[in-house]
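1. Using only what follows, build the 3D model:
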Amino acid sequence: MYRFIYNIIFHLALPFILLRLWWRSFAAPDYAKRIGERLGRVRFQESLNRSGGVLWIHAVSVGETVAASPLIYALQKTHPDLHIHVTTMTPTGSQRVKDLFGNSVSHSYLPYDYSGAVQRFLKILQPDILVLMETELWPNLIHYCHASNVKILLANARLSTRSAAGYQRFPSATADMLQNLNFIAAQASEDAQRLIELGAPADRVEVTGSLKFNVDSKPHSDTSDTIFTQITESGRPVVIAASTREGEEHQVLTAFQTCLQSIPDCLLVLVPRHPERFAEVANLCEQAGLNLVRRSSGTAVSDSTQVFLGDSMGEMASYCSLAQVAFVGGSLVDTGCQNVLEPAALGLPVITGPSQYNFAVICNQLEQNGALITVQDHSELAGLLIELLKDSARRKAMGEAGKALVAANQQALPNILRLVESLLA
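-> Below you'll find the predicted structure:
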C-alpha cells in the first residue's frame, strides 16, 4: 500500500521536480542536459557486453564516486570481463566518473524513483548486482531490483541519528526496503545498530569500515602548471578552507582577516564545495577587500595575493598539498561536514565546525587520536589557525596522528570486495 501512495505522490511531484531541474540549470547548465536519462531512457554507445555480468554502482555525487573508486578499480583488475555501470545524480558527480574512469565504465544519471522510469532503466541495463553507496534507499528502485532478481549490496552504509529518525517515520516502508537487500556493509557499529533497529536482518549486516579511508592523496594537477610550485616555493604559511558551503565563506573570511593581523603573509586557499558558487564566492572575497587570484584565471599568485580561489574540480589533493592547516567546510553551517579524511591523509591538522553528522564517527576517531579539533564559530577558528600556524611541532603531531589513523583503517576495501565477490559467485 505504501508504494501505491508513494507512486501517486511522486507522479504528482514530477513536474515540480523537472521544474527544479530547469531552475538549477541557470546556475549549472549541465542540469538541463540528458534529462531523458533521469526518466530511465539510457543509451549505450556500443552494445553492452554481458558475458562477464553487469554490475551497477550508484554514487550520488562527487564524494560517493571518489569513495567507490577503489572498489571499482579493484573489480576491474579482478574481473576484467565484468561490465560496470555507474550512476550519479549530479553533473559534478558525472564529470568525476569521467575523470576517474574514462571509458572503462559506462555512466548515466540515476532515473527518478517512479515505477515507469525504474522499470525502463532495468529493462535496458539488466544488471546482475546493484551496489548502493552509503544510504541511498529508494522504494521503487529497491522493489523492482529485488523483483528482477538483482542482488543488492548497500555499501559504505552510514546512518546518522538524524537520518534514522527520518526513516523511523515510515517504519513499514523502511523495513521492507532493508529486508530486500542481500547485504549491508556498515561503516561503523553505530550505523549497523541503527539499520538493524529499522528492520535490517542482523545476519545480513556487517561492519566493514569506511571506503573513504582509502584516500587517494596524490596531487592530480598538471606538473607543467607552475602555480602550485610557485605557492609552495614562496614559503608562505598557507591555510586551506576545503569544500565550503553557502553561508560559511563569510565566517571563514572573517576568521582569515583576524589571522592576517597576526600573520600578515598568510595565504588562504579557498575551495567552495559547489562549482555553481565559484563566482559568488569570488565576489565575497572582493567585497571583504581581500586580494584574490582565481585558479581558472591562470594568473600568478604574488606576494600581495591573500586568497587563492580553487575554482576547479578534481584538484582537492593538490590544493591540500599547498597548506599547513586545513579547515573542512560544511561544518560551520548545519550541513554535516565534508570529507575530513582527504587532508588527514596528507598529514594536515584538521579543523571543523560543530556540524559533523555526515562524518560523525570519522570526526570522533580523528579527534580522539589528536588529529582534529572542533571549533564553534569563526572567532575560535581564527584563534586556532593562529596557534597552529605558529606551532610547527603541534602541527606535525596532529598531521602524523591523522596519517596513522587513515593507514590503520583501510580494511573496508577487502571487506566490501569480499561481499561483492560472494554476490558474483
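2. Tell me where the longest helix sits in the protein.
-> If you go by DSSP state H, the chain has its longest helix at helix 2-24.
3. list the buried ones in it?
-> 6-7, 10, 24 (16 or more other C-beta atoms under 10 Å). Every C-beta, even on glycine, is put in place using the N, C-alpha and C of the backbone.
4. Stretch 196-205 too?
-> 196, 198-200, 204-205.
5. quick revisit: for the longest helix of the chain, the averaged confidence score.
-> The predicted model assigns helix 2-24 a mean pLDDT of 88.
6. Let me know the closest of the buried residues of helix 2-24 to residue 249.
-> residue 24 (20.0 Å; C-beta to C-beta).
7. from what I can see the closest one touches residue 35, true?
-> No - the criterion here is C-beta atoms under 8 Å, and residue 24 misses it with residue 35 at 11.9 Å.
8. how's the protein carved up into domains?
-> Listed by automatic domain parsing, the domain ranges of the chain are 49-214+410-424, 226-408.
9. how about a markdown table for those, with mean pLDDT added?
-> Formatted as a markdown table, the domains of the chain follow (pLDDT from 0 to 100):
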| stretch | mean pLDDT |
| --- | --- |
| domain 49-214+410-424 | 94 |
| domain 226-408 | 96 |
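10. Just put the ones you listed in a markdown table and tack on distance to residue 31.
-> Putting those into a markdown table (distance: least, C-beta to C-beta, whole Å) gives the following:
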| stretch | distance to residue 31 |
| --- | --- |
| domain 49-214+410-424 | 6 |
| domain 226-408 | 9 |
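11. who wins for proximity to residue 18 among those?
-> domain 49-214+410-424 (8.9 Å).
12. Measure how far the closest one is from the centre of its chain, please.
-> 14 Å (C-alpha atoms, centre = their mean, to the nearest Å).
13. gap between the two ends of it?
-> Start-to-end span of domain 49-214+410-424 (C-alpha to C-alpha, to the nearest Å) is 16 Å.
14. on that earlier part again, pick the one among the buried residues of stretch 196-205 closest to residue 126.
-> Taking those together and measuring to residue 126 by C-beta to C-beta, the closest member is residue 204, at 24.2 Å.
15. Would you mind naming the residues that bridge with the nearest residue to that closest one once chain neighbours are set aside?
-> Take residue 204 and drop its neighbours on the chain: the residue closest to it by C-beta to C-beta, 6 or more residues apart in numbering is residue 183, 5.5 Å away. In this entry, residue 183 is beta-bridged to residue 153, by DSSP bridges.
16. quick one: contacts for residue 183?
-> 153-154, 204-206, 419, 422-423 (C-beta atoms under 8 Å, 6 or more residues apart in numbering).
17. and these as TSV, adding secondary structure and distance to residue 176?
-> As requested, the contacts of residue 183 are exported to TSV (DSSP: H, G, I helix; E, B strand; the rest coil; distance: C-beta to C-beta, whole Å):
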residue	secondary structure	distance to residue 176
153	strand	17
154	strand	14
204	helix	14
205	strand	16
206	strand	21
419	helix	22
422	helix	23
423	helix	21
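18. Mind listing residues that contact the longest helix of the chain?
-> By C-beta under 8 Å, 6+ apart, the surrounding residues in contact with helix 2-24 are 31-32, 35, 38, 112-115, 139-140, 143, 170, 172-173, 176, 276.
19. wait, doesn't residue 236 sit right on residue 268?
-> No - assessed by C-beta under 8 Å, residue 236 is found out of contact with residue 268, at 10.5 Å.
20. Return the distance of residue 308 relative to residue 321.
-> Residue 308 is 13 Å from residue 321, where distance means C-beta to C-beta, to the nearest Å.
21. Who has more neighbours out of the two?
-> Per other C-beta atoms under 10 Å, whichever of residue 308 and residue 321 has more neighbours is residue 308, with 24 against 21.
22. Could I get the contacting residues of that one?
-> Taking C-beta under 8 Å, 6+ apart, one finds 231, 267-270, 292-293, 295, 301, 322 in contact with residue 308.
23. Buried subset of those residues as a ChimeraX selection?
-> Selection command for ChimeraX covering only the buried members of the contacts of residue 308, criterion 16+ other C-beta under 10 Å:
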select :231,267,268,269,270,292,293,295,301,322
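24. In a strand, residue 351, correct?
-> Yes - per DSSP: H, G, I helix; E, B strand; the rest coil, residue 351 lies within a strand segment.
25. what's around it, how many residues?
-> Using other C-beta under 10 Å, residue 351 has 26 neighbouring residues.
26. same thing with residue 280?
-> If you count neighbours by other C-beta under 10 Å, residue 280 ends up with 13.
27. element containing it?
-> helix 278-287 (DSSP states H and E).
28. now the residue lying closest to residue 311 once chain neighbours are set aside: how far from residue 87?
-> Closest residue in space to residue 311, ignoring its immediate chain neighbours: residue 278 at 3.9 Å, by C-beta to C-beta, 6+ apart. Counting by C-beta to C-beta, the separation of residue 278 from residue 87 is 26 Å.
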